[in-house]
Every structure is written in structure tokens, then in C-alpha cells.
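Undergrad: let's see this in three dimensions:
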Amino acid sequence: MNTPRRARILATLGPASSSPERIQALVQAGADVFRLNFSHGTHEDHAARHQAIREIEQALGRPIGILMDLQGPKLRIGRIAGGKTILQAGASFRLDLDPADGDETRASLPHPEIFDAMESGTDLLLDDGKLRLRVERHGTDYAETTVMVGGALSDRKGVNVPGVILPISPLTAKDREDLAFGLSLGVDWVALSFVQRPEDIDEARALVGDRAWIMAKLEKPSAIEHLDAIIERADGLMVARGDLGVELPPQRVPILQQRIVRRARAAGKPVVVATQMLESMVGAPVPTRAEASDVATAVYSGADAVMLSAESASGQYPVEAVSIMQHIIHEVEQDPSWRTGLEASHSPAAANVPDAICCALRRVAGLLEPAATIAYTASGFSALRASRERPSTPILALTPDANVARRLALAWGVHPMHFPAQLQEASEMIARATDAARQAGLASAGDTVIVVAGLPFGHSGSTNLLHIAQVPVPASAAPS
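TA: Residues are numbered from 1 along each chain as shown. Alright, predicted model coming up:
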């Protein structure tokens with residue numbers, strides 16, 4: 001059924017990868033989950049991609065996850081006369097609410113919330129950090145600044161305010177419209193941009209409910225200051241390194257990446273490492289060796305998934321990018337030091353029954369080397385707790401909810417399977433589990449497997465059973 005690798009691949013769809021044939025090629029190359037980037041494309045574009053994924057899912061008989069990525073607030077300057085000007089280092093430069101075209105001395109900044117939040121001495125970054133301004137004085141509708149790092153400034157370039165929590169919602173009017181549309185399609189994950197504080201997750205949760213899982217994109221330094229509380233509220237995390245690197249020195253981003261992955265793993269929440277992983281493959285058929293090492297580093301750290309952005313959305317080699325990413329993951333996971341590193345970075349289990357069961361699962365798997373772990377899960381909880389332990393066996397997640405199966409496609413080592421049967425007795429549960437593992441190609445007759453579940457079945461968070469079983473040998477194959 002699914003690939004034996006543990007780390008998952010999240011591929012962004014776009015103009016280079018929207019046809020059903022290309023999407024199927026991406027799945028066959030190794031993509032497990034697809035990202036619909038609502039910063040680009042129309043609702044009609046995304047609806048067509050969503051439908052194509054679901055048809056391919058049906059044809060292949062395996063769950064495929066879909067993540068919608070909301071654009072979030074985009075803070076930008078206004079228009080510049082002639083489309084472009086040059087800011088000289090040391091010169092004065094004014095930002096204000098006047099909509100008139102800007103020049104080398106001033107520009108419109110139509111975001112009063114920025115003026116309300118800034119202080120004298122605040123740095124403002126323009127055009128992804130290429131230009132830097134220092135605020136000298138300001139009011140409710142203007143800021144007088146000094147150009148610290150100059151250069152060319154064009155129309156509508158982005159503005160970042162590092163170190164300042166802006167009093168704005170992460171959900172714009174466009175985001176709310178997009179969110180309603182995506183949920184009506186039936187997306188599995190919602191990636192929330194511009195997360196600054198834990199309450200941002202609560203705001204999104206009030207709109208999403210239980211219709212999808214929420215992934216917090218960590219792209220603002222203020223989010224790092226509230227990391228544990230955000231992890232607690234979110235269902236998953238994304239290390240959005242491109243945006244995070246705009247407001248932070250580049251040397252800090254790898255350190256924060258490792259910290260976020262460790263904290264997410266400890267909490268048992270899926271974590272994705274994203275942005276510029278194989279960037280050169282937008283225009284080249286092979287990545288640089290540094291990019292291959294970047295992907296490998298994320299896999300060695302135990303990240304649940306690695307993501308492709310422009311490489312698969314608009315690049316010239318989308319299928320090749322997914323294929324190479326899969327090969328990198330496979331090579332890393334064949335390295336004995338990969339397993340050693342996972343063991344060394346493992347976080348102790350919490351003192352509760354589900355974590356105790358899954359902790360025992362990890363120990364038993366290490367001793368007996370079974371063919372697979374089978375996790376019965378109604379809500380996804382049991383499978384995620386098993387995945388948190390990073391066991392040596394693949395995890396077959398059997399769930400009666402097709403939506404949960406699709407969400408679990410992003411989780412480390414989990415092979416989700418929609419299993420509509422309603423089971424009550426433990427003996428029947430064990431028999432069905434061993435049969436499912438055999439059908440999935442994860443175990444053969446006579447192999448040992450581990451089964452984890454919650455009794456009574458169907459109650460979220462009730463993991464309380466661990467059973468060691470053997471896959472039955474068919475009567476016709478048994479010795480007489």
C-alpha cells in the first residue's frame with residue numbers, strides 16, 4: 001500500500017502540477033499530502049485540484065491528505081511614482097497613511113496598526129528584509145525613519161516589524177472567505193499564517209471546529225516566545241523558515257528549527273519543515289548537495305514531513321523534486337545512526353495510560369522487532385501517540401473515519417487505512433488487525449505484530465490496550 005519510509009512528503013500544487021495526470025505522477029513519486037496555497041489561484045483552481053486528488057485517492061485505494069494554506073495578513077507599502085525608487089543609506093524616509101504615490105523621501109503604509117504598535121528605535125524591514133529602516137519618531141498616522149540599509153524599493157513591497165506583536169487578527173476577510181470555501185470542499189488540514197500568540201489558534205478553532213485539523217505556521221518571532229502554548233492549542237506545526245528568516249538573523253533559523261521539531265515531537269504533534277528545501281530544482285533537474293543535506297537534517301531530527309513549495313507548484317521538474325526527496329528520505333532512514341539519533345532525542349512519556357501504553361509499544365517493538373504496529377483509532381489520537389514514540393515498526397492506523405485517515409497521512413510512520421467496520425470485542429479486533437496488516441503488505445503469515453487500541457472502541461483518547469499477536473497461517477499452508 002504505502003511506502004515503508006517514515007518521514008512524509010508534503011507537495012504544493014500549482015500551475016506546473018494541476019492536471020490529474022501530473023498529480024497522480026506526484027503520488028506515485030512519493031507525495032503523501034498536497035498543499036493548496038490560497039495565496040495564489042482561484043477557488044475554481046483549488047476546487048479542481050481537490051477533486052482530482054479525491055479521484056486519484058479512490059483509484060489508488062489509499063488516503064491522501066489535503067492541506068489548505070491561508071494567506072494571512074500581507075503588510076505592504078503603497079505605490080511608488082514610476083514603479084521604483086532608490087533609498088540611500090543614512091537618508092530620512094517617511095511612512096504615512098497618505099495614499100499618494102511615494103518617492104525617494106516617503107511612501108504610503110496603509111496599515112495604521114503598525115503605527116500603533118511601533119516604538120522609537122523599532123526596525124522596519126522592507127522587501128523580505130533587503131532594506132532596513134530605523135524609526136526615529138512616530139505618531140498614529142506616520143513614522144519618520146532613517147535608512148539603515150538602502151537599495152531599490154518597488155511598488156507594493158512587503159513590510160515586516162520584527163520583535164513587535166501587531167494587534168491584528170491572523171485571519172483577514174479573504175482568509176475567512178477562503179476558509180469557508182476550503183472547509184466546504186473537505187480539506188483535512190488548515191495551515192494558519194501570521195500566528196503571533198496562542199489566542200490566534202483559538203480564533204481559527206472557533207471557525208474550523210472539528211471539520212479539519214489546524215497547523216500553526218511558525219513564521220513570526222513572537223510565536224517562538226509562546227511556542228509551548230501554541231503547540232498545545234494546535235494540531236500540528238510548520239517551520240516556515242523563509243518568513244521566519246526575514247525577521248531573524250539567518251544563523252538562528254536552524255537552531256529554532258531543531259527546537260520546534262523537538263517540542264512538537266515531545267507533544268506528539270505532527271511537525272513539517274518547509275521552505276526552500278530543494279529550491280534549485282525550480283529550474284534544475286537535480287538539487288544542490290547543500291539542499292540534499294538540508295532535507296536529510298530534517299529527517300535525522302525526526303520531523304514528520306518535509307515540504308516542497310515552488311519546486312512542485314511552479315518549477316520545471318515537480319515530479320523529479322518529489323522523487324529525489326523520497327530518495328533522500330530513504331537513504332537517511334537506512335542509516336543506522338538515524339535510529340540512534342531518534343532514540344537519543346526521544347522525550348519521556350507523560351504519566352497517563354495512553355502514553356504508558358505507547359511507551360511500552362516502543363520498548364516491545366525494540367525487543368521483538370515485530371513486522372508492524374496496528375493502532376485502532378477513532379479520532380487519530382492513538383495513532384499520533386504511537387507515532388510520537390517513533391517505534392521501529394511501521395504503524396498501520398485503522399480508523400472508521402475517512403477524514404481522520406486523510407489527516408493521519410501527514411504523521412511520521414503512520415499508514416492510515418479507512419476501516420469502516422464497527423468492532424466491540426477485543427478478540428475480533430485482534431483478528432481484524434492481523435488481517436489488515438497482511439492485506440496492507442506490512443506483515444506476512446506467521447509474523448509478530450503489536451496491536452494498540454482503546455476499549456470501549458470509538459472513544460477518543462482511551463488508548464488502554466496493548467496486545468502481541470501473530471498473523472495466522474492459512475489452514476491450507478499449515479503443516480499436517
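Undergrad: next up, the contacts around residue 222.
TA: 163, 164, 165, 196, 197 (Cβ atoms under 8 Å, 6 or more residues apart in numbering). For the C-beta atoms, the positions are set from N, CA and C on the backbone; glycine is no exception.
Undergrad: could you pull out the helices for the stretch 301-450 of the chain?
TA: Shown for the stretch 301-450 of the chain, the helices assigned by DSSP state H, counting those that start in this stretch span residues 310-313, 318-334, 336-344, 353-368, 381-388, 402-407, 426-439.
Undergrad: so which bits of the shortest one are buried?
TA: For helix 310-313, the neighbour count (16 or more other Cβ atoms under 10 Å) marks 310, 311, 312, 313 as buried.
Undergrad: the closest residue to the first one other than its chain neighbours: neighbour count?
TA: By the measure of Cβ to Cβ, 6 or more residues apart in numbering, the closest residue to residue 310 outside its immediate chain neighbours is residue 282, 5.1 Å from it. The local packing of residue 282 (other Cβ atoms under 10 Å) involves 20 other residues.
Undergrad: what of the one 3 residues further on?
TA: For residue 285, the number of neighbouring residues by other Cβ under 10 Å comes to 11.
Undergrad: please parse this protein into its domains.
TA: Per the record, the chain has its domains at 8-72+170-336, 81-160, 353-477, by automatic domain parsing.
Undergrad: figure out which of those is closest to residue 347.
TA: Closest approach to residue 347 among the domains of the chain (Cβ to Cβ): domain 8-72+170-336, 3.7 Å.
Undergrad: quick one: mean pLDDT over that closest one.
TA: Averaged across domain 8-72+170-336, pLDDT comes to 97.
Undergrad: what's the answer for stretch 352-363, then?
TA: Computed over stretch 352-363, the average pLDDT equals 91.
Undergrad: show me where the stretch 151-300 of the chain has its strands.
TA: Ranges of strands in the stretch 151-300 of the chain, per DSSP state E, counting those that start in this stretch, are 151-154, 159-160, 189-192, 213-218, 236-240, 271-274.
Undergrad: redo those strands as CSV? Include distance to residue 424.
TA: Converted to CSV, the strands of the stretch 151-300 of the chain look like this (distance: least, Cβ to Cβ, whole Å):
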stretch, distance to residue 424
strand 151-154, 65
strand 159-160, 55
strand 189-192, 31
strand 213-218, 28
strand 236-240, 31
strand 271-274, 35
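Undergrad: who wins for proximity to residue 143 among those strands?
TA: strand 159-160 (10.7 Å).
Undergrad: give me the contacts around that closest one.
TA: 75-77, 109, 111, 114, 124-126, 128-129, 246-247.
Undergrad: could I get the domains of the chain in a markdown table, plus columns for distance to residue 343?
TA: Formatted as a markdown table, the domains of the chain follow (distance: least, Cβ to Cβ, whole Å):
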| stretch | distance to residue 343 |
| --- | --- |
| domain 8-72+170-336 | 10 |
| domain 81-160 | 38 |
| domain 353-477 | 8 |
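Undergrad: buried subset of the contacts of strand 159-160?
TA: Buried by 16+ other Cβ under 10 Å: 75, 76, 77, 109, 111, 114, 124, 125, 126, 129, 246, 247, out of these.
Undergrad: filter those residues down to the ones in helices?
TA: Mapping the buried ones among the contacts of strand 159-160 onto helices (DSSP state H) picks out 114, 246, 247.
Undergrad: which residue, neighbours along the chain excluded, lies closest to the first one?
TA: Ranked by Cβ to Cβ, 6+ apart and with sequence neighbours excluded, the top spatial neighbour of residue 114 is residue 161, at 6.0 Å.
Undergrad: how about that neighbour, what does it touch?
TA: Applying Cβ under 8 Å, 6+ apart, we find residue 161 in contact with 75, 114, 117, 118, 122, 123, 124, 125.
Undergrad: export the strands of the stretch 151-300 of the chain to TSV and tack on mean neighbour count?
TA: Converted to TSV, the strands of the stretch 151-300 of the chain look like this (neighbours: other Cβ atoms under 10 Å):
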stretch	mean neighbour count
strand 151-154	16
strand 159-160	20
strand 189-192	26
strand 213-218	25
strand 236-240	26
strand 271-274	27
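Undergrad: any idea which of the ones you listed gets closest to residue 6?
TA: Of all the strands of the stretch 151-300 of the chain, strand 271-274 comes closest under Cβ to Cβ, at 13.3 Å.
Undergrad: which residues are contacting the closest one?
TA: Strand 271-274 is contacted by residues 10, 215, 236-242, 257, 260-261, 264-265, 298, 303-307, 309, 410 when judged by Cβ under 8 Å, 6+ apart.
Undergrad: pull up the pairing partners for it, direction included.
TA: strand 236-240 (parallel), strand 305-308 (parallel) (DSSP bridges).
Undergrad: distance to residue 356 for the ones you listed - can I get that in a markdown table?
TA: Output for the strands paired with strand 271-274, formatted as a markdown table (distance: least, Cβ to Cβ, whole Å):
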| stretch | distance to residue 356 |
| --- | --- |
| strand 236-240 | 24 |
| strand 305-308 | 27 |
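Undergrad: and of the ones you listed, who's closest to residue 30?
TA: Among these, strand 305-308 sits nearest to residue 30 (Cβ to Cβ), with 10.3 Å.
Undergrad: mind listing what's buried along that closest one?
TA: Of all the residues in strand 305-308, those buried under the rule 16+ other Cβ under 10 Å are 305, 306, 307, 308.
Undergrad: same question, stretch 11-27
TA: Those would be 11, 12, 13, 14, 16, 17, 18, 23, 24, 25, 26, 27, for stretch 11-27 by 16+ other Cβ under 10 Å.
Undergrad: before we move on, back to that, which of the buried residues of helix 310-313 sits closest to residue 31?
TA: Taking these together and measuring to residue 31 by Cβ to Cβ, the closest member is residue 312, at 7.7 Å.
Undergrad: which of the contacts of residue 161 lies closest to residue 403?
TA: residue 75 (34.5 Å).
Undergrad: thought the closest one was touching residue 112?
TA: No: using Cβ atoms under 8 Å, residue 75 makes no contact with residue 112, being 11.3 Å away.
Undergrad: about what we covered before: export the buried residues of strand 305-308 as CSV, with columns for distance to residue 209.
TA: Formatted as CSV, these follow (distance: Cβ to Cβ, whole Å):
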residue, distance to residue 209
305, 24
306, 29
307, 25
308, 29
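Undergrad: would you mind checking which of those residues is nearest to residue 432?
TA: For the buried residues of strand 305-308, the nearest to residue 432 is residue 305 (28.6 Å; Cβ to Cβ).
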